[in-house]
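In: predicted model and sequence follow; I will ask about them next.
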Amino acid sequence: MFPSRFDYVAPDTVEEVLATLAQHGDEAKILAGGQSLIPLMKLRFASPGLLVDVNRVPGLGFVEETGEHLRVGTLTRNTELERSALLKSGYPVMADAAPMISDPLVRNRGTIGGSLAHADPAGDWGSVMLALGAEVVIKSSTDERTIPVSELLVNTFTTSLDPTEMITEIRVPKTPARSGGSYLKMERRVGDFATVATAVHLTLDNGTIKRAGIGLTAVGSKNLQASAAEDALAGAEPTAEAFEEAARLAAEASSPSSDVRGSAEYKKAMVRTFVRRGLDKALELARG
Amino acid sequence: MEKLDLRSRVERSVSRRTFIKGVVATGATVSAGAYVLRSSGASTASAQGAVERLVTLRVNGQDRRVDVMKQETLAMTLRYKLGLTGTKIGCDRADCGACTVLVDGVPKYSCSLLTHQVRGAEVTTIEGLANGDELHPVQQAVVDEAGFQCAFCAPGFIMAMVGTIQESPSLTRDEMAHALSGNLCRCADYPKILNSAMRAAEYMRSTTA
Ligand SMILES: Cc1cc2nc3c(=O)[nH]c(=O)nc-3n(C[C@H](O)[C@H](O)[C@H](O)COP(=O)(O)OP(=O)(O)OC[C@H]3O[C@@H](n4cnc5c(N)ncnc54)[C@H](O)[C@@H]3O)c2cc1C
Ligand code: FES
Ligand code: FES
C-alpha cells in the first residue's frame, strides 16, 4: 500500500521547517514519528501535498528540568520517556503512562509532540498533560506562543494549531515536594488504545490538597479535564469521602460512547473506579 | 486490524479540500480539521531539505543504490526493489510487526517508515543476520525450539528479538513478552516463540560473555 503522492522535505533546522510551513500552509504536514500519520495516509484519511520530516532537526528530543519546568522536546520518543529516570523520580503520572502507550515498536518511533498534535481522544499523553497543567511551546516563522494543553486540544483529531505552526516543546510545571500521581489504563490487551484511562496528579500542603489535576482518556471527543472534581479537591482534606466525591464528579464529566471496548455505562463506572484508585495511589506517593 | 482501529475510529474521507470526518466508534461524527485533504495540483517542494530520488541505502552492511519514490515505505523498497523478501508485509499499518527491521540497531516497523527517512542509517533485515552458514544465535535458538508454525511472523519476531536482547540481555519471561508485544502471530504460537526468545537471550549472553 502506498500513500498517495506527496512531496517530501527533510530540513535540518527549525527555521527551515517553519519557513516551509509558512510557504505551504494547509498543504503541508509535519512528519514526526509517523506512527499515526503514515497509516492514515495509506488509508487515504489524510493526503497532504507535502510532508515536512522533522526527524533530521537536531535538538528536538530532550527531557530536562530547568527553573520552573520539566521541559520535554517535541520529538522525544516514547521509549526515551519510558526509560527516563527523571520521570520515574519526579513525575509518576508520566512514568506510569509512557510504557502503556501502544507497543515497544511504536514507542521506538512515536513522539510526545506528535501524540499531542494528533489529538486522538484515546491518546494517553493529552490526559497526562491536562492533569499536570502542562503547556506547549508553539512556533511559526513569525511568532512564538505558549498555551496550556487544555487550549491545544479542541476536538477529535483537532487542535488549535495553525497549519503554519509547530509544537517545539512541552513544559510541565515542576512538581513540588509532597506530590504524587498515577496513570491507570484499562486496555483489552497490551498495546491497545485505552478502553478507559485516568491521569491523576496531587500536591499536598500541610495535610490538605493544594492542587489536584485529573485527565480522562477515551471517554469523550477529546482528552477531558475533570475540572469539577479538581475544584472539589483543591483545599480539601484528602479523605476517602473527598476522593469518592471527586471520582463521582469525574465520572459525571465523562461522556463515553458504547463501542467494541465496552458500553458507555461500563466506561463511566470505570472512570469512577479508576479516579478513586488513582487518587489513593497519588496520595500514597505524595505522603512519601 | 483492531489494534489501530482506524477503520472504526475514522470514517471515510469526503470530497477533496474539505475536512475528513472523524468517527469515534459508535458514530459521533466530528470534523477533523487536522487532516485536511490535499488540494488540486501538486505542491512544489521548497529547496530546503529537498531529496533526490536516487539514494544510497546501507542495508546489511552493503551500500545499495536505489531509485526511491517519496511515498515509498522501507518495507516496499526492501522487498520489491532490493529483493530482500524476508521482510514481510502483514497489516501495512504499524500493527502486526511482520515488517520489523533494525534501524541503527533499534527494531522498527518498516511499513511505517519512509525509505527516505533511513538515508544515512544502518538497516538490518533478516537476511543480514547469519554469518555465511552460521546462524545468528537468535536464529539458532528458534531452530532449537522449533519456535514457529507457519513462520510468516518469524522474520519480524526475530528482528524484534535481536534488537530487544541487544538492548536488555537479561529480561524475565514476562518482560520479554511485553518487549515483543509489538509483534503478532496469527498462529498464536506465543509460548514457543517466547521459549525461543528466552533461549536466544541465553545464547546471546554466552556469545558475548
Ligand atoms: C498500533 C498502534 C497503537 C497505538 N496505541 C496508542 C496508545 O495506546 N496510546 C497512545 O497515546 N497512542 C497510541 N498510538 C499512537 C502513537 O502513539 C502515535 O505515534 C502518536 O499518537 C503520534 O505520534 P507520532 O510521533 O507518530 O506522530 P506522527 O504520526 O508523525 O504525526 C501525527 C500528527 O501530528 C502532527 N505533528 C507531529 N509532530 C508535530 C509537531 N511538532 N508540531 C505540530 N504538529 C505535529 C502531524 O502532522 C500529524 O498530523 C498507537 C499507534 C499505533 C500504530
Ligand atoms: S506490516 Fe504490520 S506492522 Fe508493518
Ligand atoms: S507462526 Fe504463523 S503467524 Fe506466527
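Out: Cool, got the structure. Ligands and ions are numbered 1, 2, ... in the order given.
In: from here on, contacts and neighbour counts on C-alpha atoms
Out: Fine.
In: and the contacts of the lengthiest helix in chain A?
Out: In chain A, ranked by residue count with DSSP state H as the criterion, the top helix is helix A:264-287. Helix A:264-287 is contacted from outside by A:177-184, A:195-204, A:214, A:216, A:219, A:238, A:243-244, A:246-248, A:250-252, A:254-258, using C-alpha atoms under 8 Å, 6 or more residues apart in numbering or on different chains.
In: which residue packs closest to residue 63, ignoring adjacent ones?
Out: With no chain named, the answer covers chain A. Nearest in space to residue A:63, with sequence neighbours left out and distances taken as C-alpha to C-alpha, 6 or more residues apart in numbering or on different chains, is residue A:72 at 4.6 Å.
In: oops, I was thinking of chain B
Out: residue B:57 (5.6 Å).
In: contacts only, for that neighbour.
Out: B:63-66, B:118-123.
In: wait, residue A:218 touches residue A:192, no?
Out: No - in this structure residue A:218 lies outside contact range of residue A:192 using C-alpha atoms under 8 Å: 11.9 Å.
In: pLDDT weak spots in chain B?
Out: B:1-47, B:209 (pLDDT under 70).
In: please list the residues of it that sit near ligand 3.
Out: Within chain B, the residues that sit near ligand 3 (C-alpha under 6 Å from any ligand atom) are B:148-153, B:185-187, B:189.
In: among those residues, which pair sits farthest apart?
Out: B:152 and B:189 (11.4 Å; C-alpha to C-alpha).
In: neighbour count: the two, which is higher?
Out: The residue with more neighbours, out of residue B:152 and residue B:189, is residue B:152; 18 against 15, by other C-alpha atoms under 10 Å in any protein chain shown.
In: ok, so what distance separates that one from residue B:96?
Out: Using C-alpha to C-alpha, to the nearest Å, one gets 11 Å for the distance from residue B:152 to residue B:96.
In: ok, residue B:139 next?
Out: 20 Å.
In: cool, residue A:58 as well?
Out: For residue A:58, the distance to residue B:96 - C-alpha to C-alpha - is 30 Å.
In: which one's more surrounded, those two?
Out: Taking neighbours as other C-alpha under 10 Å, residue A:58 and residue B:96 compare with residue B:96 leading, 25 against 11.
In: which residues are in contact with the closest residue to chain B within chain A?
Out: Ranking the residues of chain A by distance to chain B (C-alpha to the nearest C-alpha) places residue A:11 first, at 4.0 Å. Contacts for residue A:11 (C-alpha under 8 Å, 6+ apart) come out as A:17, A:52-54, A:56-57, B:48-50.
In: if you set the cut-off to 6 Å instead, what comes out?
Out: Contact analysis of residue A:11 by C-alpha atoms under 6 Å, 6 or more residues apart in numbering or on different chains lists B:48-49.
In: next, count neighbours for residue 83.
Out: Chain wasn't specified; assuming chain A. 13.
In: my bad, the chain I had in mind was chain B
Out: For residue B:83, the neighbour count with other C-alpha under 10 Å is 11.
In: equivalent analysis for the one 3 residues further on, please.
Out: Each residue near residue B:86 was counted by other C-alpha under 10 Å, and the total is 18.
In: quick check: phi and psi at it.
Out: phi -60, psi -40 (degrees, to the nearest 10).
In: tell me the buried residues in stretch A:79-94?
Out: A:79-82, A:84, A:87, A:90-94 (16 or more other C-alpha atoms under 10 Å in any protein chain shown).
In: how far does it sit from its chain's centre?
Out: From the chain centre to the centre of stretch A:79-94 is a distance of 14 Å (C-alpha atoms, centre = their mean, to the nearest Å).
In: ends of it, what's the gap?
Out: Stretch A:79-94 has an end-to-end distance of 12 Å (criterion: C-alpha to C-alpha).
In: leaving out chain neighbours, which residue sits closest to residue A:202?
Out: residue A:212 (4.6 Å).
In: quick check: the one you found vs residue A:284, distance?
Out: The spacing between residue A:212 and residue A:284, counted by C-alpha to C-alpha, is 14 Å.
In: helices along chain B, start to end?
Out: B:6-9, B:74-76, B:137-145, B:154-167, B:173-179, B:190-208.
In: redo those helices as CSV? Include distance to residue A:127 and mean neighbour count.
Out: What follows is the helices of chain B, written out as CSV (distance: least, C-alpha to C-alpha, whole Å; neighbours: other C-alpha atoms under 10 Å in any protein chain shown):
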stretch, distance to residue A:127, mean neighbour count
helix B:6-9, 19, 18
helix B:74-76, 33, 25
helix B:137-145, 39, 20
helix B:154-167, 29, 24
helix B:173-179, 23, 16
helix B:190-208, 33, 18
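In: will you turn these into TSV that also has distance to chain A?
Out: Shown next, in TSV, are the helices of chain B (distance: least, C-alpha to the nearest C-alpha, whole Å):
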stretch	distance to chain A
helix B:6-9	8
helix B:74-76	9
helix B:137-145	18
helix B:154-167	8
helix B:173-179	6
helix B:190-208	14
